[in-house]
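> here is a sequence together with a model predicted from it:
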Amino acid sequence: MKLIFLYGLPATGKYTVAKELAALTGFKLFHNHQVVDMLLTVFDFGSEPFVALREDIWLSVFEEASEAKLPALIFTFNPENTVSAAFIPNVVETLKQSGSEVDFIELQCPLDELKSRMDSPSRQQFRKLTSVPLFEQLHAAGTFDTGHMPKPRLSIDTSTCTPAEAAAQIVRALAIPASS
């Protein structure tokens with residue numbers, strides 16, 4: 001299995017690009033907020049049980065998808081400081097043990113563009129960060145540091161292309177045949 005690991009700051013278009021990529025390839029989409037939002041019904045964001053369960057569920061899904069011999073899985077991820085330092089190495093090792101691989105794809109866009117997207121209706125359907133002042137505070141504090149992320153196979157500035165064009169770039173970079 002190939003895990004297509006889309007990451008970037010909030011509002012860079014991870015979910016939107018991932019939906020386009022799923023439509024283009026036929027691969028399943030595992031949006032990180034499916035787990036985050038579920039856990040927020042019980043635990044506070046960043047609490048010990050929230051962090052532990054979030055990572056356990058993410059890793060379990062990756063492992064089970066690999067064992068089920070899915071051809072690929074698309075995952076969206078926002079690097080932030082409540083994610084343990086061991087998570088990314090655990091993802092790589094979990095998939096390696098089952099003969100699968102991870103392709104890291106970074107989505108970025110200028111901060112002004114990101115802030116203009118922050119309160120879009122598509123972000124409000126999930127429990128995503130929608131406050132520009134809170135984003136600015138968290139960003140200034142280093143909450144979204146990506147220094148621990150592996151070098152991406154591809155970086156895409158989503159302010160210079162449509163989500164469909166970004167998905168097509170990913171397909172070309174990873175040499176994925178489009179689904180029929």
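Received it, and whenever you're ready, just let me know what you need. In this text the structure is predicted, and so the values were computed from the model without any measurement.
> please count neighbours and contacts with C-alpha atoms only from this point.
OK.
> for this structure, which spans come out with low pLDDT?
Scanning the chain for pLDDT under 70 picks out the ranges 123-125, 178-180.
> so where do the helices sit in it?
14-25, 32-40, 48-67, 87-97, 111-117, 121-124, 132-140, 163-174 (DSSP state H).
> most tightly surrounded among the ones you listed?
Comparing the helices of the chain by mean neighbour count (mean count of other C-alpha atoms under 10 Å), helix 14-25 ranks first with a mean of 21.
> now the helices of the chain in a markdown table, with distance to residue 3?
What follows is the helices of the chain, written out as a markdown table (distance: least, C-alpha to C-alpha, whole Å):
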| stretch | distance to residue 3 |
| --- | --- |
| helix 14-25 | 12 |
| helix 32-40 | 13 |
| helix 48-67 | 8 |
| helix 87-97 | 8 |
| helix 111-117 | 25 |
| helix 121-124 | 24 |
| helix 132-140 | 27 |
| helix 163-174 | 11 |
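> list the contacts for the closest residue to residue 40 other than its chain neighbours?
Of all residues beyond its chain neighbours, the one nearest residue 40 is residue 50 (7.6 Å), with distances taken as C-alpha to C-alpha, 6 or more residues apart in numbering. Counting by C-alpha atoms under 8 Å, 6 or more residues apart in numbering, residue 50 touches 39-40, 43-44.
> rerun that using 7 Å as the cut-off
39, 43-44 (C-alpha atoms under 7 Å, 6 or more residues apart in numbering).
> one more: residue 98?
66-67.
> quick check: the gap between it and residue 91.
11 Å (C-alpha to C-alpha, to the nearest Å).
> again with residue 79
For residue 79 relative to residue 91 (C-alpha to C-alpha), the value is 14 Å.
> intersection of neighbour lists for these two?
Common neighbours of residue 79 and residue 91 (C-alpha under 7 Å, 6+ apart) do not exist.
> partner strands of the lengthiest strand in the chain, with direction?
Counting by DSSP state E, the longest strand found in the chain is strand 101-108. Counting by DSSP bridges, the strands paired with strand 101-108 are strand 2-7 (parallel), strand 154-157 (parallel).
> hmm, back to that, make a markdown table from the contacts of residue 50 and add distance to residue 74 to it.
Listed next are these as a markdown table, based on distance: C-alpha to C-alpha, whole Å:
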| residue | distance to residue 74 |
| --- | --- |
| 39 | 21 |
| 43 | 26 |
| 44 | 26 |
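> of those, closest to residue 162?
Ranked by distance to residue 162 (C-alpha to C-alpha), those are led by residue 39 at 31.5 Å.
> look up the closest residue to the closest one, ignoring the ones flanking it.
Here the residue nearest residue 39, using C-alpha to C-alpha, 6+ apart, is residue 50, at 6.3 Å.
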